[in-house]
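S.K.: Predicted model follows, preceded by the sequence.
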Amino acid sequence: MSLNLDVTKMRLEGVVGRAFDFIDTIIVDTAIREILDPMRDLEVSRLHAQGFIDSWQLEKTGYCAIELINEFPYAHLLEYGWSEAWVEPVEKLALHWTDPQGDHFSKGHWRRGFNGYHMIEVIWILGFYDHFQDSLIEQANRFLEDTRMH
């Protein structure tokens with residue numbers, strides 16, 4: 001009888017550890033499903049730069065820890081934007097660029113600002129993180145129920 005009690009006590013004490021160990025094994029896949037994929041779909045629908053969209057990654061940074069990163073060369077600028085600025089040539093007589101309307105030259109001009117995508121904030125406001133957490137909890141509860149002592 002005391003052996004069963006000791007086993008039961010050990011099993012109950014290990015519930016939290018077992019839950020976190022399980023979460024550690026599913027955290028990346030769940031984050032991809034609940035955060036990364038829906039975020040990318042939202043960005044496609046908003047016509048964001050494809051290179052920026054494709055550069056989002058989830059990286060496991062430790063036990064039950066992940067990080068959402070974007071290593072696109074201009075990720076910070078696209079995420080947070082920039083203000084209007086005066087641009088002028090430094091080593092040449094004029095700036096030059098080409099677009100569908102043809103060649104353009106300028107000895108200096110104001111370059112409009114960009115508000116930024118603010119996707120980190122948007123996915124927080126839209127509840128992507130909440131869905132992620134709810135999914136982890138639901139899966140952990142199901143795991144504990146499936147592996148409980150009868």
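M.R.: Perfect, I can see it now. Residues are numbered from 1 along each chain as shown.

S.K.: From Tyr117, how far out is Tyr74?
M.R.: In this view, Tyr74 and Tyr117 are 11 Å apart by C-beta to C-beta, to the nearest Å. In this view, the C-beta of every residue, glycine as well, is placed from N, C-alpha and C.

S.K.: quick one: common contacting residues for these two?
M.R.: With contacts taken as C-beta atoms under 8 Å, 6 or more residues apart in numbering, Tyr74 and Tyr117 have Phe52 as neighbours in common.

S.K.: Check which element follows the lowest-mean-pLDDT helix or strand in the chain along the chain.
M.R.: Least confident element among the helices and strands of the chain, by mean pLDDT, DSSP states H and E: helix 2-13 (a mean of 50). Proceeding N to C from helix 2-13, the next assigned helix or strand is helix 15-31, under DSSP states H and E.

S.K.: Who has more neighbours out of Tyr74 and Tyr117?
M.R.: Tyr117 (21 against 13; other C-beta atoms under 10 Å).

S.K.: these two touch, right, His104 and His96?
M.R.: Yes. Assessed by C-beta atoms under 8 Å, His104 is found in contact with His96 at 7.0 Å.

S.K.: quick one: secondary structure of His96?
M.R.: strand (DSSP: H, G, I helix; E, B strand; the rest coil).

S.K.: top helix in the chain by residue count?
M.R.: Identified as the longest helix of the chain according to DSSP state H is helix 128-146.

S.K.: Please identify the buried residues of that helix?
M.R.: Across helix 128-146, burial judged by 16 or more other C-beta atoms under 10 Å covers 128-129, 131-132, 135-136, 139-140, 143.

S.K.: next one: stretch 32-51
M.R.: Applying 16+ other C-beta under 10 Å to stretch 32-51 flags 32, 34-36, 38-40, 42-43 as buried.
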